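Visitor: I would like the atomic coordinates for the input below:
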Amino acid sequence: MRFAKKIYVSDGLAGREKELKARLRFRKLKKHVFIIYFNCYSDTPEFMNSIFLKQKYYKKHSMYVIGIVETYEQAVKYVADLLKDAFRKNGNFNVKEIVCRC
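Guide: Here you go, the predicted structure:
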């Protein structure tokens, strides 16, 4: 699992970045935490409930984490804001240039 240099963390989880990263590596997060990641295959930001990290698929396939939030609504808002920023800067919805070096 890889992490962005500057990972977005919601206000309720602020100050716990190191703990959250460690829990993510061992796939030990609670079901009330959402992971925002960049899908390098489709060049899009996506999010999912952290409970899905327990699936065997994620043991073999790495992801590039760009954010950790508490609620579904926060995840949707962050991804929407990310797309708005990309459009404002690039004139298109290419988030890859803003978020990662895949």
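Visitor: All the helices of this structure, residue numbers only.
Guide: Along the chain, counting by DSSP state H, helices occupy 17-25, 57-60, 72-90, 96-99.
Visitor: Phi, psi for the residue of the chain positioned farthest from its centre please.
Guide: No residue in the chain has its C-alpha farther from the mean C-alpha position than residue 91, which lies at 22.8 Å (C-alpha atoms, centre = their mean). The phi/psi pair for residue 91 (degrees, to the nearest 10) reads phi 80, psi 0.
Visitor: where's residue 74 relative to residue 36, distance?
Guide: Here residue 74 is placed at a distance of 9 Å from residue 36 (C-beta to C-beta, to the nearest Å). The way it works is simple: take the backbone N, C-alpha and C, and place the C-beta from them, glycine included.
Visitor: next one: residue 95
Guide: Taken as C-beta to C-beta, the span from residue 95 to residue 36 is 11 Å.
Visitor: neighbour count winner among those two?
Guide: residue 36 (24 against 21; other C-beta atoms under 10 Å).
Visitor: hang on, the earlier thing: dump the residue contacts of the residue farthest from the centre of the chain.
Guide: Contact analysis of residue 91 by C-beta atoms under 8 Å, 6 or more residues apart in numbering lists nothing.
Visitor: Show me which residues of stretch 59-68 are buried.
Guide: Neighbour-count burial for stretch 59-68, counted by 16 or more other C-beta atoms under 10 Å, picks out 63, 64, 65, 66, 67, 68.
Visitor: Equivalent analysis for stretch 72-91, please.
Guide: Residues 74, 75, 78, 79, 82, 83, 86 are the ones in stretch 72-91 that count as buried (16+ other C-beta under 10 Å).
Visitor: Give the residues shared as contacts by residue 95 and residue 36.
Guide: Joint contacts of residue 95 and residue 36 (C-beta under 8 Å, 6+ apart) are residue 45.
Visitor: So which of the buried residues of stretch 72-91 sits lowest on pLDDT?
Guide: For the buried residues of stretch 72-91, the weakest pLDDT value sits at residue 86, with 83.
Visitor: picking that back up, export the buried residues of stretch 59-68 to a markdown table and append columns for distance to residue 52 and pLDDT.
Guide: A markdown table is the format used below for these (distance: C-beta to C-beta, whole Å; pLDDT from 0 to 100):
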| residue | distance to residue 52 | pLDDT |
| --- | --- | --- |
| 63 | 11 | 88 |
| 64 | 16 | 90 |
| 65 | 13 | 91 |
| 66 | 17 | 91 |
| 67 | 16 | 92 |
| 68 | 14 | 93 |
